[in-house]
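S.K.: Let's see this in three dimensions:
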Amino acid sequence: MTTPNKARDRLRIAIQKSGRMADVSQDLLARCGLKFRQSRDKLFCFGESMPIDLLLVRDDDIPSLIAQGVCDLGIVGRNVLAEQSLAAVEGTLPVVELCALDNSRCRLSIAVPQDMDYNGPHQLQGLRIATSYPALLGAWLAEHKVEAKIVFLAGSVEIAPKLGTADLICDLVSSGATLVANQLREAVVILESEAVVAGPQTVPPDERGDLRELLLRRIDGVIQVRESKLVMLHAARANVDAIRKMLPNGQMPTLLPIEGSEQVALQAVCYGAITWQHLEDMKRAGASQLLVLPVEKILA
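M.R.: Below you'll find the predicted structure:
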């Protein structure tokens, strides 16, 4: 296995230098309480609040930097991680998905000409498929026992059928507008993708390992907070069970006695949107003084 030439006592994270996930990654780390000072070349960020540094690179380089031991963690698209993992160099550290971040969603799909009736993988036999993800496409074709020619393109995959270099494509799809503009339509999804935190399977047996676990706990807390709400209300104890069942994705509520009243105060953290309909249903079930508050931080 490849290891760094010099032992490090600071955790190093690789993130995308520019592009759609660059701002998302930096915002996530800021919400985890991390502050950085950027180098003049804007390729390295020194951690000021904690011994955690950032390396700003191309997204395609993130899995290999982790595999080589240059970085301990990375924030990258699942599509990039899966492609690089299938094409991993022997002797490097296995890189795995540690947690999903629920943003930058897209999908790797096979798209066919709009006038083609797609009825299953067998129709792709002998055709030319342009893609920037040859390993993932190759694995899918092998799984479905299809022999097709993979045409590798680093970019502008969607124009390959127009140029006559391929019969169809396998590419990332978000809204699907680019496919429509090129007279293509999505036929089958190969991989559902989103931003993920990637890292080696094994945790470093030193301070970096402790930092890694601490950071992953904070990231989990940030993800939970995004759609979390604190619901507070008053109700008769006899109505609590019915009200609790109406709380969307709620934790077990905390009940507190109200001085001078037979009612109790209920509070619970709920993961997901709290609609007016939720509040009206709970009021009909006996709740009063309903209050919904945003949650800023959660640490399990």
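S.K.: Low-confidence regions, the stretch 1-150 of the chain specifically.
M.R.: Along the stretch 1-150 of the chain, the parts satisfying pLDDT under 70 run over 1-7, 89-91.
S.K.: mind listing the helices in it by residue range?
M.R.: For the stretch 1-150 of the chain, the helices defined by DSSP state H, counting those that start in this stretch occupy 20-31, 62-67, 78-86, 134-143.
S.K.: Just list what the second one packs against, helices and strands only.
M.R.: Here helix 62-67 is seen to pack against strand 11-16, strand 73-77, helix 78-86, strand 95-100, strand 195-200 when contacts are counted using 3 or more CB pairs under 8 Å, 6 or more residues apart in numbering; DSSP states H and E. Where C-beta positions appear, they are placed from N, C-alpha and C, glycine not excepted.
S.K.: Need the winner for burial among those.
M.R.: strand 73-77 (a mean of 27; mean count of other CB atoms under 10 Å).
S.K.: That one - which strands sit beside it in the sheet, and in what orientation?
M.R.: Next to strand 73-77 in the sheet, as set by DSSP bridges, lie strand 11-16 (parallel), strand 195-200 (antiparallel).
S.K.: Let me know the angle separating the last one from strand 95-100.
M.R.: Going back to what we said before, that points to strand 195-200. Counting by axes from the mean of the first three to the mean of the last three CA atoms, to 10 degrees, strand 195-200 lies at 140 degrees to strand 95-100.
S.K.: next one: strand 195-200 to chain centre, how far?
M.R.: Relative to its chain's centre, strand 195-200 lies at 9 Å (CA atoms, centre = their mean, to the nearest Å).
S.K.: Please state the offset of whatever helix or strand comes next after that strand from the chain centre?
M.R.: Per DSSP states H and E, the first helix or strand lying C-terminal to strand 195-200 is helix 207-225. In terms of CA atoms, centre = their mean, the centre of helix 207-225 is found 15 Å from the chain centre.
S.K.: Report the buried residues of the helix or strand that helix 207-225 is followed by.
M.R.: The C-terminal neighbour of helix 207-225 among helices and strands, as given by DSSP H and E, is strand 228-236. For strand 228-236, burial by neighbour count (16 or more other CB atoms under 10 Å) applies to Ser228, Lys229, Val231, Met232, Leu233, His234, Ala235.
S.K.: Pull the number of nearby residues for Cys270.
M.R.: 20 (other CB atoms under 10 Å).
S.K.: OK, contacts around it?
M.R.: Ser228, Lys229, Leu230, Val231, Leu247, Pro248, Asn249, Gly250, Gln251 (CB atoms under 8 Å, 6 or more residues apart in numbering).
S.K.: Need phi/psi at the fifth one.
M.R.: The one in question is Leu247. Main-chain torsions, Leu247, degrees, to the nearest 10: phi -70, psi 120.
S.K.: Angles on the backbone of the spatially most distant residue from the centre of the chain, please.
M.R.: Taking CA atoms, centre = their mean, the residue of the chain most remote from its mean C-alpha position is Gly260, at 48.6 Å. Here is the backbone geometry of Gly260 (degrees, to the nearest 10): phi 80, psi 10.
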